[in-house]
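In: no sequence for this one, just the structure:
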């Protein structure tokens, strides 16, 4: 059994139970050769990005509805179809035989012949998709939301951008790229696009994320609060300015991550009044959100998210922002940000509290590089 495909299969199985692909691949690839880890990652994210296309093709070639397939058999077929149609360097016989072995290894030996027969029918001929949800591999309700909010052309650009592997960006605080590292600067100071090679100790951080912190107008000595700080990338970026930072998060495991930053760390629930006696000159509230701006990076989100989740998130975000704003010093600046594209989580939160932003930043996948982000600059 190929170690790469076995890791991909186990990762997809755990994603189906609620896990996140990036985290699972990071831990699962420990001890694997880099080549195998890279192939596993390519298969996992490819299957998740193109899931709707793959499912249509499986029904097309098998003549069976998906509901009649065992989940593990479906996963093996998705992996096989993805490799056969989308990965040029994978020999067809390897994609088929390894998928069949995965079916057997999962305890479904009786389905091995079926899987083999289906995959041997798969070609790269053009397919007439049953609709845009299958063609763009996104839930129809999400496409409809984006079309209403941004227009048909932009909605299409977002969906297509989500099917492409995201570009890697690194944080280079002093702008000093060591010899041999192939990276180029972007319009965001300190943010470099990684063209080739490894990050070599530099922090990987999307350009959209790096564009948020400059909106705070930070300066040395300011009291800075990051309310929902984990994993700590934006706090680390803020520390470059010499601020006196307090990084907070709700969950103990995420708080432990923040302690690596060597700054003050507090575990708290931001939906309750904040326990600070002194007000802060600068506050960042990078609120928990749906993450619809990061679907190229986290494609599993689009298959889990429900419209009702967005309403629930809005209610929580309003409380978080209200509490954070109360901790802002006179003449201070608070930046409210999300990696969501949804109005309810962005402008809707600001309007719910009758706040007037001094500036709004909006980054849309397919229109600007990197993940989708919203940020509102609020002054006390």
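Out: The structure has been received and is ready for your questions. Keep in mind that what you see is a predicted model, and the values were worked out from it rather than measured. Residues are numbered from 1 along each chain as shown.

In: and stretch 322-335, what's buried?
Out: Neighbour counts over stretch 322-335 (16 or more other CB atoms under 10 Å) mark 322-325, 327-328, 332-335 as buried. All C-beta spots, glycine's among them, are computed from the backbone N, C-alpha and C.

In: just the strands in the stretch 51-200 of the chain please.
Out: 169-171, 182-185, 191-196 (DSSP state E, counting those that start in this stretch).

In: and residue 361, that one's in a helix?
Out: No. Residue 361 sits outside any helix when classified using DSSP: H, G, I helix; E, B strand; the rest coil, being strand.

In: residue ranges in the stretch 201-350 of the chain under the pLDDT threshold?
Out: Along the stretch 201-350 of the chain, segments meeting pLDDT under 70 are nowhere present.

In: got JSON lines for the strands of the stretch 51-200 of the chain, with distance to residue 339, mean pLDDT and mean neighbour count too?
Out: Formatted as JSON lines, the strands of the stretch 51-200 of the chain follow (distance: least, CB to CB, whole Å; pLDDT from 0 to 100; neighbours: other CB atoms under 10 Å):
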{"stretch": "strand 169-171", "distance to residue 339": "14", "mean pLDDT": "95", "mean neighbour count": "23"}
{"stretch": "strand 182-185", "distance to residue 339": "23", "mean pLDDT": "90", "mean neighbour count": "14"}
{"stretch": "strand 191-196", "distance to residue 339": "16", "mean pLDDT": "92", "mean neighbour count": "17"}
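
In: quick one, which of those is nearest to residue 48?
Out: strand 169-171 (21.2 Å; CB to CB).

In: helices of the stretch 201-350 of the chain, start to end?
Out: Taking DSSP state H, counting those that start in this stretch as the test, the helices found in the stretch 201-350 of the chain are 207-210, 233-239, 252-258, 301-304, 307-326, 347-352.

In: on that earlier part again, turn the strands of the stretch 51-200 of the chain into TSV, including distance to residue 131.
Out: Conversion of the strands of the stretch 51-200 of the chain to TSV gives the following (distance: least, CB to CB, whole Å):
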stretch	distance to residue 131
strand 169-171	34
strand 182-185	39
strand 191-196	35
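
In: so which of the ones you listed is nearest residue 279?
Out: strand 169-171 (28.5 Å).

In: mind listing what the closest one pairs with, with the direction of each?
Out: strand 191-196 (antiparallel), strand 203-204 (antiparallel) (DSSP bridges).

In: what sits up against that strand?
Out: Contact with strand 169-171 is made by 183, 186, 190-194, 199, 202-207, 210, 233, 236-237, 370, as judged by CB atoms under 8 Å, 6 or more residues apart in numbering.

In: gap between the closest residue to residue 52 other than its chain neighbours and residue 160?
Out: Spatially, and ignoring its direct neighbours in sequence, residue 52 is nearest to residue 137 (4.1 Å; CB to CB, 6 or more residues apart in numbering). As judged by CB to CB, to the nearest Å, residue 137 and residue 160 stand 10 Å apart.

In: of these two, which one has the most company?
Out: residue 137 (23 against 14; other CB atoms under 10 Å).

In: so the more buried one versus residue 369, what's the distance?
Out: Residue 137 is 21 Å from residue 369, by CB to CB.

In: do residue 13 as well
Out: Residue 13 is 33 Å from residue 369, by CB to CB.

In: now for the longest strand seen in the chain, which elements pack on it?
Out: In the chain, with assignment by DSSP state E, the single longest strand is strand 328-338. Strand 328-338 sits against strand 280-286, helix 307-326, strand 373-379, with contacts defined as 3 or more CB pairs under 8 Å, 6 or more residues apart in numbering; DSSP states H and E.

In: of all those, which one comes closest to residue 174?
Out: strand 280-286 (21.6 Å).

In: pairing partners for the closest one, with directions?
Out: By DSSP bridges, strand 280-286 pairs with strand 223-226 (parallel), strand 328-338 (parallel).

In: so what sits against both of residue 137 and residue 160?
Out: If you check residue 137 and residue 160 against CB under 8 Å, 6+ apart, no residue is contacted by both.

In: touching, residue 375 and residue 339? I think so.
Out: No. Look at residue 375 against residue 339 with CB atoms under 8 Å: they stay out of range, at 10.0 Å.

In: out of the strands paired with strand 280-286, which is closest to residue 355?
Out: strand 328-338 (8.5 Å).

In: in stretch 346-366, which residues are buried?
Out: Neighbour-count burial for stretch 346-366 [16+ other CB under 10 Å]: 346-347, 349-350, 352, 355, 357, 361-366.

In: now tabulate the strands paired with strand 169-171 in JSON lines and tack on distance to residue 276.
Out: Output for the strands paired with strand 169-171, formatted as JSON lines (distance: least, CB to CB, whole Å):
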{"stretch": "strand 191-196", "distance to residue 276": "31"}
{"stretch": "strand 203-204", "distance to residue 276": "27"}
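
In: right, I'll call it a day here.
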